[in-house]
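Engineer: here you go, sequence then predicted model.
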Amino acid sequence: MKPFAFVRAPSGPAALSAMASNSRASFVAGGTSVLDLMKIAVEEPDVLVDINALPLRSIERRGDVLLIGALARMSDVASDAGVRELFPMLASALEQSASPQLRNMASIGGNLMQRTRCPYFRDVATPCNKRSPGSGCGAIGGVNRSEAVLGTSSACIATHPSDLAVALRALDAVVHVTGSKGDRDIAFAEFYCLPSETPHVETTLARGELVSGLSVPLPAAGVRSAYVKARDRAECEFASASAAVELDMAGQTIRSARIALGGVATVPWRSPQAESALAGAAASCDAYERAARAAFAAARGFGGNDFKIELGRRTLVRALEMAASS
Amino acid sequence: MRQPLIGAPLDRVEGGEKVTGRTVFTADVVLPGMVHGVVVTSSVANGRIRSIDAKDALALPGMLGVMTHENAPRVNAGGSPPMPSLLFLLQNDAVQFDRQPVAVVVAETFEDATRGAELVRVAYDAIAPEMDLETAPAYVPEQIFGEPADRHRGDPRAAFSAAHVRLEQTYRTPTEHHNPLETHGTIAAWAGDRLTLYDSTQWAFGVRARMATVFGIEPELIHVIAPFVGGAFGSKGQPWSHVALAAMAAKMMDRPVKVLATRPQMFAWVGHRPQTEQKLSIGCSRDGRLQSVIHETTSETSAADDYVEPCGVFSRGLYAVPNYAMSHELRRLNISKPTYMRAPGEATGSFALESAMDELAYELGMDPLELRLRNYAQTDPDSGKPYTSKALRECYRLAAERFDWKRRNPEPRSTRDGRLLTGLGMATASGGSFRSHADVRIRMHADGTVVVSTGTIEQGTGSPTAYAQIAAEILGVPYERVRFEFGDTSLPYAPLAAGSQTSSSVGSAVTVAAQRLRERLAESGGRVPPDGIEINVEEKPRPEEDDYAQASFGAHFVEVAVDPDLGSVRVMRFVAAFGAGRIINAKLAESQFLGGIVWGISMALFEETRFDLRTGRIMNANLADYLVPTNGDIPPVEIIMAEEDDQHVNPAHVKGIGEVAMTGSAAAVANAVYHATGVRVRDLPITAEKLLGGARR
């Protein structure tokens, strides 16, 4: 591992100025992501700015949103009574993530910022446009079982790995950001960037900005939700496909749906096509299948991951069934 | 009355130390003046090293040197053209597989050496590697495990053609890596021309012999110490390149050097189970009597050896079939050397044969258990000899009853539990039993304490506990007064701890030694002289043991639940029974059986080393991406040990228990998946994409 300096930031301004003083500095909270990437030489920061002392760990209801501090641990959020009552889908997505040990360490802000599990991204001996712009994409034509089928480009097909971000994408969360130029809010829809020709640019955060927390709008009364995750083993495994679904129903009619997909796309993937297929429809297998087909109409496989198109559809159908019957 | 010690489920003697982190493994050993070597591995799978630039590495503080093919001591790496070396010891510029050792960076600390290894820049003249098992040139090896690679009895082709019911299918198993919890590691220290090696190995004496050849010195000059070994499963059966590289670096730096394999390097030069493609042609009468079995195996091997995955050893003796043939063919790929992995040939061969038997049972409309009983081999069909013992019929009965096999609806895809399809499957297990020459020294001191000494190793199976039980039982002394000394070439000779042979070999030597000591005590009226009594035994297989066939057997019964929409498989229950001769310690034996079953589930559902076929690069060389089961993937497992009073097998009356449970277990899972879904998966692992097509509700 490349030697690095370690700086404990006592406050937000101190963290931002430590970050601003070195162009190769990185924030660290739980460390489950950045330390892992440093050990395999994918990230080689000169300075790690430890932000754990910042007062960003609370989880509280404020007005019509739930505010989650960026330093709340995944396990804090998953076990929070308010989260479990208001957003069971969010708790479920967290509980199906990683392992208990990792959830105890990993922060919510870090979860949003985690990098792909693409094996080419993680192996510095192979080409990867995300890690090393211009070097090519090893996954296209290579081992690509875990890669994305939605939102891909000729430069990158890497899957976004987070479960939490998929649930937040469905819930229209807002990311709170602080930086040397002040604070700002970024809608979840605007937070992640499609790879297109610049897969190394993953979010709309400016250099040196820090995620301080996020707000999740409180749900309308009576909405039903589910998070379904398909994976290769029972625990400690990333999604082959996942679906976060929230349904607003009047009797057996779906008034509106919010649908996001994970494990199958380069970013946490909202599907307005599936949502409009369901709006006003009677809750039925036919409607779910129609929505699933719409969600994956533009999907493209790369050989090893072709199965994700069918698996993704079925995962979404399952999530819709579970939400409707919850 | 005293409870018998043999069979007692005693806790392992080192258990307390192990769970509190006090057990010393090779990586824990620190020698005065010791420095650290980290291996740099190739990033291409075929070609030549053009240049190595170690400038930046050497500029780091604490750096002692970088050993490459340009400055490494000349040694005997084995092999001759067209195989430049059997070990990869920096003797030339050839690169034959992904992650081949190309340099060793030596520094005062492990961290500095690791950083230095990252900074060594190697340029290659790369050639497209041969990676395709289908198209690589094939050849027939001369031998497998010292026997002909092909053999037959009767007229299998004619009998197959004449059979009323014929099944021809091809089964595939992928490359798999052992990944014991403790990675490989060696510490080498020279004193003049004497070499001391601490090594995580299954065979201290094998390391000594091989290193004597590599360095051209007498074996007696080499002292190998093998502290507790944290799992091996065949991967530590031979000394790999890092053992010699540590000694070469120690010579070059004139300091003791420790070299540890990292987890990604566990996929590099330390062996793996090769992928196989197995064609089975089975001819059978309408009433389910096997007429002919033809088992043709193709497996991968490396550019540097002729390792054969001997799948035929499972099929040749399992069922009473008059006409039989096995053959083995190799394809040379740009991969690291394959090697033995728990139940070599038998784990892979049993997946093919026991899947095919299941297919045949459906073809015949016969219960899969009944088909096996109808072809039960009372004597060994391969050698014609009687078995020393064989409780397989009892295993089938006991496990089927406990599992309630008779509830099975013979129709596939007939049973549901809510959304899930459930299915039941079974398979036979069989593992050869062997023994080899093993020596033991036993000493009784005047205070009545006993020390049993032999150079075998302890890899987690519980040898120190089991052998103390044998000695204490025979001598009639309290178990706590017997100590077992092991893991050192200065102790009496012991064979390779593999092939499920250690209890048969070392256990027999301990038995004979303790019996002789008991006789000596009887002669002296039970008195121990002040300087104690010492007995030395050289125990070898006896000619009369060859009048019999020796094998352990068992039966697996599995229930799975398959989510037909998502293609996910969950094993719900596993019941297995084994007949493996005398059980020395029921708790340790159960652990062995349990481990084999967990690994069988893993083989069925998870394990697969994935190569980029364009470059030969392994793309899942870590335990996040190379899947093994979590606790959530393993159901309750019930183990039944069928009683066998084996008077013929060896003086310890024991048969192999380390591998038998690994055989048949993957097939039993696959058979249960077929019963649940009606989808037959013939290529492992059984992942979602293989079930999605047919599994829809």
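Structural biologist: Okay, I see it. Numbering: from 1, shown residues only, chains lettered A, B, ... in the order given.
Engineer: up against chain B, what does the stretch 101-250 of chain A have?
Structural biologist: A:117, A:119-120, A:123, A:125-126, A:138, A:141-143, A:145, A:230-237, A:240 (Cβ under 8 Å from any Cβ of the partner chain). C-beta here means a position set from N, CA and C on the backbone, and glycine is covered the same way.
Engineer: what about residue A:299, how many residues close to it?
Structural biologist: With neighbours defined by other Cβ atoms under 10 Å in any protein chain shown, the count for residue A:299 comes to 21.
Engineer: residue contacts, it?
Structural biologist: Shown here is residue A:299, whose contacts under the criterion Cβ atoms under 8 Å, 6 or more residues apart in numbering or on different chains are A:149, A:150, A:264, A:308, A:309, A:312.
Engineer: strands of the stretch 1-150 of chain B, start to end?
Structural biologist: Counting by DSSP state E, counting those that start in this stretch, the stretch 1-150 of chain B forms strands over residues B:35-41, B:47-53, B:63-68, B:94-95, B:101-107, B:121-126, B:138-139, B:143-144, B:147-148, given from the N-terminal end onward.
Engineer: no wait, the stretch 201-326 of chain A
Structural biologist: According to DSSP E, counting those that start in this stretch, the strands that the stretch 201-326 of chain A contains are A:210-217, A:224-230, A:241-250, A:253-262, A:269-270.
Engineer: I'd like the ones you listed written out as JSON lines, with mean neighbour count and mean pLDDT added.
Structural biologist: Rendered in JSON lines, the data for the strands of the stretch 201-326 of chain A read as follows (neighbours: other Cβ atoms under 10 Å in any protein chain shown; pLDDT from 0 to 100):
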{"stretch": "strand A:210-217", "mean neighbour count": "21", "mean pLDDT": "98"}
{"stretch": "strand A:224-230", "mean neighbour count": "24", "mean pLDDT": "98"}
{"stretch": "strand A:241-250", "mean neighbour count": "24", "mean pLDDT": "97"}
{"stretch": "strand A:253-262", "mean neighbour count": "24", "mean pLDDT": "98"}
{"stretch": "strand A:269-270", "mean neighbour count": "24", "mean pLDDT": "98"}
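Engineer: so what's residue 244 up against?
Structural biologist: Here I'm looking at chain A. Residue A:244 is in contact with A:89, A:93, A:166-167, A:169-171, A:225-227, A:259-262, A:319, counting by Cβ under 8 Å, 6+ apart.
Engineer: chain B was what I was after
Structural biologist: With contact taken as Cβ under 8 Å, 6+ apart, residue B:244 is in contact with B:75, B:77, B:87, B:89, B:211, B:214, B:215.
Engineer: give me the neighbour count for the residue of the stretch 251-400 of chain B at minimum distance from chain A.
Structural biologist: With Cβ to the nearest Cβ as the measure, the residue in the stretch 251-400 of chain B that lies nearest chain A is residue B:264; the distance is 8.3 Å. Applying other Cβ under 10 Å, we find 18 residues neighbouring residue B:264.
Engineer: test my guess that it contacts residue B:621.
Structural biologist: Yes. With the criterion set as Cβ atoms under 8 Å, residue B:264 and residue B:621 qualify as a contacting pair; they are 4.4 Å apart.
Engineer: which helix or which strand is home to the residue of the stretch 1-150 of chain A at minimum distance from chain B?
Structural biologist: Per Cβ to the nearest Cβ, the residue of the stretch 1-150 of chain A with the smallest distance to chain B is residue A:125, at 3.6 Å. Take DSSP states H and E as the rule and residue A:125 turns out to sit in neither a helix nor a strand.
Engineer: all good on my end, thank you.
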